[in-house]
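[1] 3D model of this:
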Amino acid sequence: MEFNSTILSNVEMSPNYWRIRLTAPAAFAAATPGQFVMVRVGGSIDPLLRRPFAVYDVGSTTKADGTTTVHFEMLYKVVGKGTTLLSRLHGGDSVDILGPLGQGFVFGDDDEEKLLVGGGIGLAPLYLLARELVKRNSPVRLFAGGRSRNDLLCLDEFERLGVDCHTATEDGSHGATGFVTVALNQHLDALAGKKATLYACGPDPMLRAVAKIAADRALPCQVSLEAAMACGVGACLGCVTPGKNHSAHTPDYRCVCAEGPVFESSELKWGASA
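    Next up, the predicted model:
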């Protein structure tokens, strides 16, 4: 869907990290965890391209007259012109939205433990996933990491879902000191071979580390990739990533926006360049 959306709120929740709530058509309520939207953040040709943002949450409000309105939320980090413009918008302003788009997470067996791993803005697509998994009565744990406590977003909301949260920061300002993958490995050791599925979103080095952990332990792992996108629907092929069979002689590319952004980690070739 392409629609004009009204901003309901747009607040800075941590230095350079923002949370925005917007109106949406009723059909948007069917958005699934891991999907994203493409946002046109300005009324001019600069910036020319839309910006992709993960859907953090979807909700609805029923008014006194019985009518129901749908809204959704995104988390974003101010890093360039597009996100700077977005941070300057206020309630009542409007933006053009294309979405929901992409392939989301697959839930797997309800009785196995679900281990969610996120860093910084990579936590954004994991909240809707956690909420759905909790509804399915799956045991859910979140492993959240960042450079400092400023990169650990919305932990209280995960905890209110009943998610057990483990945190680590590189500067030691919150949780363990170091990378959150250390805590993930320690927990997997304690599971002693029990079934678990990993879900991860964040910077590429973290995703590579989580994918290796999953491969070494023969565990299923789904990763949500962050990529610069031009169209969001697979038409331009500007956001491809190497697949597992990729080589100089046999190219194997996966389109992040149309085939992803969520992939089985074993379907990708880690460390290769597109």
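[2] Give the next helix or strand downstream of the longest helix along the chain.
    Determined from DSSP state H, the single longest helix within the chain is helix 204-217. Counting by DSSP states H and E, the next helix or strand C-terminal to helix 204-217 is strand 221-224.
[3] pLDDT averaged over that next one - what is it?
    In this model, strand 221-224 has a mean pLDDT of 97.
[4] In CSV, list the C-alpha atoms belonging to the longest helix of the chain.
    Output of helix 204-217 as CSV, limited to C-alpha atoms (Å, rounded to 0.1, in the frame of the first residue of the first chain):
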residue,chain,number,x,y,z
ASP,A,204,26.8,-6.7,10.1
PRO,A,205,29.7,-7.8,12.4
MET,A,206,27.1,-8.8,15.1
LEU,A,207,25.0,-10.7,12.5
ARG,A,208,28.1,-12.6,11.2
ALA,A,209,29.0,-13.6,14.8
VAL,A,210,25.5,-14.8,15.5
ALA,A,211,25.3,-16.7,12.2
LYS,A,212,28.6,-18.4,13.1
ILE,A,213,27.3,-19.4,16.6
ALA,A,214,24.2,-20.9,15.0
ALA,A,215,26.2,-22.8,12.4
ASP,A,216,28.7,-24.1,14.9
ARG,A,217,25.9,-25.4,17.1
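[5] same for it, what does it pack against?
    strand 113-119, helix 180-191, strand 196-201, strand 221-224 (3 or more Cβ pairs under 8 Å, 6 or more residues apart in numbering; DSSP states H and E). In this view, the C-beta of every residue, glycine as well, is placed from N, C-alpha and C.
[6] Let's see that with 6 Å instead.
    strand 196-201 (3 or more Cβ pairs under 6 Å, 6 or more residues apart in numbering; DSSP states H and E).
[7] Direction included, what does the strand it packs on pair up with?
    strand 113-119 (parallel), strand 221-224 (parallel) (DSSP bridges).
[8] got the angle between the longest one and helix 204-217?
    Angular relation of strand 113-119 and helix 204-217 on a 0 to 180 degree scale: 150 degrees, by axes from the mean of the first three to the mean of the last three Cα atoms, to 10 degrees.
[9] Let me know the next secondary structure element after strand 113-119.
    helix 124-135.
[10] Any buried residues in that following helix, and which?
    For helix 124-135, the neighbour count (16 or more other Cβ atoms under 10 Å) marks 124-134 as buried.
[11] Given the helix or strand following it, what are its sheet partners and their directions?
    The helix or strand immediately downstream of helix 124-135 is strand 140-146, counting by DSSP H and E. Strand 140-146 has its sheet partners listed here by DSSP bridges as strand 113-119 (parallel), strand 164-169 (parallel).
[12] what does the longest helix of the chain rub up against?
    117, 119, 181, 198, 200, 221, 223, 265, 270 (Cβ atoms under 6 Å, 6 or more residues apart in numbering).
[13] so can I have JSON lines of those residues showing neighbour count and distance to T83?
    Output for those, formatted as JSON lines (neighbours: other Cβ atoms under 10 Å; distance: Cβ to Cβ, whole Å):
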{"residue": "V117", "neighbour count": "30", "distance to T83": "24"}
{"residue": "G119", "neighbour count": "26", "distance to T83": "18"}
{"residue": "T181", "neighbour count": "20", "distance to T83": "27"}
{"residue": "L198", "neighbour count": "23", "distance to T83": "28"}
{"residue": "A200", "neighbour count": "29", "distance to T83": "23"}
{"residue": "C221", "neighbour count": "23", "distance to T83": "29"}
{"residue": "V223", "neighbour count": "30", "distance to T83": "23"}
{"residue": "S265", "neighbour count": "23", "distance to T83": "27"}
{"residue": "W270", "neighbour count": "17", "distance to T83": "27"}
